[in-house]
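1. Following is a predicted model, sequence given first.
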Amino acid sequence: MNAADAQSVAQDALIVMLQVAGPLMAVAMIVGLAIALFQALTQIQEMTLTFVPKIIAMFVVLLFLLPYIGGVMQSFMHRIADHIIALG
């Protein structure tokens, strides 16, 4: 494996990581921003109010995105396996 192959695999892995984690992080950010706005408007400073809705929202989004995430990870694994076979 030369440097170009390693760079290609690393780039592919980073893209897959963004595809898998990006939607969950975006939902957590949006829900967190909405809760922060709600807390600022109502002056309710409850610590559990920040964590519980984010966890619930991320769990719901994860349930809906699980087939997509599985497909992305499966195609990545196939590309890695093909790359390993090509090297051997």
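-> Thanks, I have the structure now.

2. Tell me where this protein has helices.
-> With helices called from DSSP state H, the chain shows them at 3-42, 48-87.

3. Which parts of the last one count as buried, going by neighbours?
-> Buried positions in helix 48-87, judged by neighbour count with 16 or more other CB atoms under 10 Å: 53, 54, 57, 58, 61, 69, 72, 76. No exception for glycine: its C-beta is placed from N, CA and C like everyone else's.

4. so who does the second one touch?
-> In other words, residue 54. Listed by CB atoms under 8 Å, 6 or more residues apart in numbering, the contact set of residue 54 reads 28, 31, 32, 35.

5. Give me the distance between it and residue 44.
-> Going from residue 54 to residue 44 by CB to CB, to the nearest Å gives 16 Å.

6. Show me which positions of stretch 1-15 end up buried.
-> In stretch 1-15, counting by 16+ other CB under 10 Å, buried: residue 9.

7. let's have the chain start at 41 instead
-> Taking 41 as the first residue, the last one we looked at is stretch 41-55.

8. contacts for it?
-> By CB under 8 Å, 6+ apart, the residues outside stretch 41-55 that reach it are 116, 119, 120, 123, 127.

9. ok, now with 7 Å
-> Stretch 41-55 has contacts (CB atoms under 7 Å, 6 or more residues apart in numbering) with 116, 119, 123, 127.

10. just stretch 59-69 next, same as before
-> By CB under 7 Å, 6+ apart, the residues outside stretch 59-69 that reach it are 94, 97, 98, 101, 102, 105, 109, 112, 113.

11. mind putting these in JSON lines, pLDDT and distance to residue 64 included?
-> Shown next, in JSON lines, are the contacts of stretch 59-69 (pLDDT from 0 to 100; distance: CB to CB, whole Å):
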{"residue": "94", "pLDDT": "91", "distance to residue 64": "10"}
{"residue": "97", "pLDDT": "94", "distance to residue 64": "9"}
{"residue": "98", "pLDDT": "93", "distance to residue 64": "6"}
{"residue": "101", "pLDDT": "95", "distance to residue 64": "6"}
{"residue": "102", "pLDDT": "95", "distance to residue 64": "6"}
{"residue": "105", "pLDDT": "96", "distance to residue 64": "8"}
{"residue": "109", "pLDDT": "96", "distance to residue 64": "9"}
{"residue": "112", "pLDDT": "96", "distance to residue 64": "13"}
{"residue": "113", "pLDDT": "96", "distance to residue 64": "14"}
